[in-house]
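[1] would you be able to build a 3D model of this:
(one chain, ligands or ions: 1)
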Amino acid sequence: MAHELLSFDNGGALAASLADRVAAALAAAVAARGKATLAVSGGSTPKAFFEALSQKPMDWSKVSVTLVDERFVPEDNPRSNHLLVKTHLLKGKAAKAGFVPLFHPEADIEAAARVATRETARLFPFDAVILGMGTDGHTASFFPGGNHLAEALDLSAPRRVMTMEAAGAGEPRLTFSFSALADAGLLVLHIEGAEKKAVLEKALSGTDEAEMPIRAVLERAPAKTDIYWAP
Ligand SMILES: O=C(O)[C@H](O)[C@@H](O)[C@H](O)[C@H](O)COP(=O)(O)O
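    Residues are numbered from 1 along each chain as shown. From the prediction side, this is the model:
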């Protein structure tokens, strides 16, 4: 499917514009269906966007927020994406939003993935999905060399939360499958900096998804991908 590059002068301008766009999408879903669902990525890039979105007026009590992926750590661990979202997004006007975690303190990560799959089944299709990208071309926890990468990128596979381990991933990961993310009402790739722009250009110039899993999103997502970029 197609993608469109939206460039901004700086991260602040990008955060304001993306927060407006996502807030409008969520408010429209609430108006149409009485509820809205949002899946966001972790990492360092989205903080300013989360802060801007947390101040947007809407009936946040009708919005369910979850994570595109999560490190297999509890929410008090500094590596936790739940902690990141609790700190920067689930506050202010957005404090009333519901949060659906991917991490569950089960005996092992596969058991946690089964619980997360059950607990998130009611969220599909997402009204908005915000993806990030690593300099290795990963998105979500679709890492090059990931032990379940081919399965994760199979659009014919059921929507679910699955596990992923890879050299570049740090902790074992919990991640939505591509099939769970690909038909979002609003599908956004949010990247910042010259280095990530170069990684994007490289991704767009090739086709090997195992080498750069972001290519699966850019080329095969049924939803158009809006790429939000600032220097
Ligand atoms: O758990 C995570 O780390 C994210 O979900 C991951 O996919 C992230 O979006 C990229 O790694 C970019 O991270 P930065 O924004 O920190 O560069």
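[2] which residue ranges form the strands in this structure?
    Assigned strands in the chain, in chain order: 3-7, 36-40, 63-67, 69-71, 98-100, 128-131, 161-164, 173-176, 186-192, 225-230 (criterion: DSSP state E).
[3] ok, the second one: who's next to it in the sheet?
    In other words, strand 36-40. Paired with strand 36-40 in the same sheet, following DSSP bridges, are strand 63-67 (parallel), strand 128-131 (parallel).
[4] which residues does the residue of the chain most remote from its centre contact?
    What lies farthest from the middle of the chain is residue 107; by CA atoms, centre = their mean that is 25.6 Å. Residues near residue 107 by CB atoms under 8 Å, 6 or more residues apart in numbering: none. No exception for glycine: its C-beta is placed from N, CA and C like everyone else's.
[5] sorry, back to before: most tightly packed of the strands paired with strand 36-40?
    strand 128-131 (a mean of 26; mean count of other CB atoms under 10 Å).
[6] so which residues of this structure form helices?
    Listed in chain order, the helices of the chain (DSSP state H) span residues 11-33, 47-53, 81-88, 109-120, 149-152, 178-181, 194-204, 214-220.
[7] just the pLDDT for the residue farthest from the centre of the chain.
    For residue 107, the model assigns a pLDDT of 95.
[8] equivalent analysis for residue 223, please.
    85.
[9] tell me the contacts of it?
    By CB under 8 Å, 6+ apart, the residues touching residue 223 are 1, 182-187.
[10] flag every residue of this structure that's near the ligand.
    Contact residues (CB under 6 Å from any ligand atom) of the chain with the ligand: 41-45, 68-69, 81, 132-134, 139-140.
[11] for PyMOL, what selects the buried ones among those residues?
    Buried residues within the residues of the chain next to the ligand, by 16 or more other CB atoms under 10 Å, are selected in PyMOL with:
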select buried, resi 41+42+45+68+69+81+132+133+134+139+140
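[12] could you dump the residues of the chain next to the ligand into a markdown table and include pLDDT?
    Formatted as a markdown table, the residues of the chain next to the ligand follow (pLDDT from 0 to 100):
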| residue | pLDDT |
| --- | --- |
| 41 | 98 |
| 42 | 97 |
| 43 | 93 |
| 44 | 94 |
| 45 | 97 |
| 68 | 98 |
| 69 | 98 |
| 81 | 98 |
| 132 | 98 |
| 133 | 98 |
| 134 | 98 |
| 139 | 98 |
| 140 | 98 |
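[13] can you pull the contacts of the closest residue to residue 218 other than its chain neighbours?
    Distances taken as CB to CB, 6 or more residues apart in numbering put residue 3 closest to residue 218, at 5.3 Å, once the chain neighbours are dropped. Residue 3 sits next to 189, 218, 224-227 when contact means CB under 8 Å, 6+ apart.
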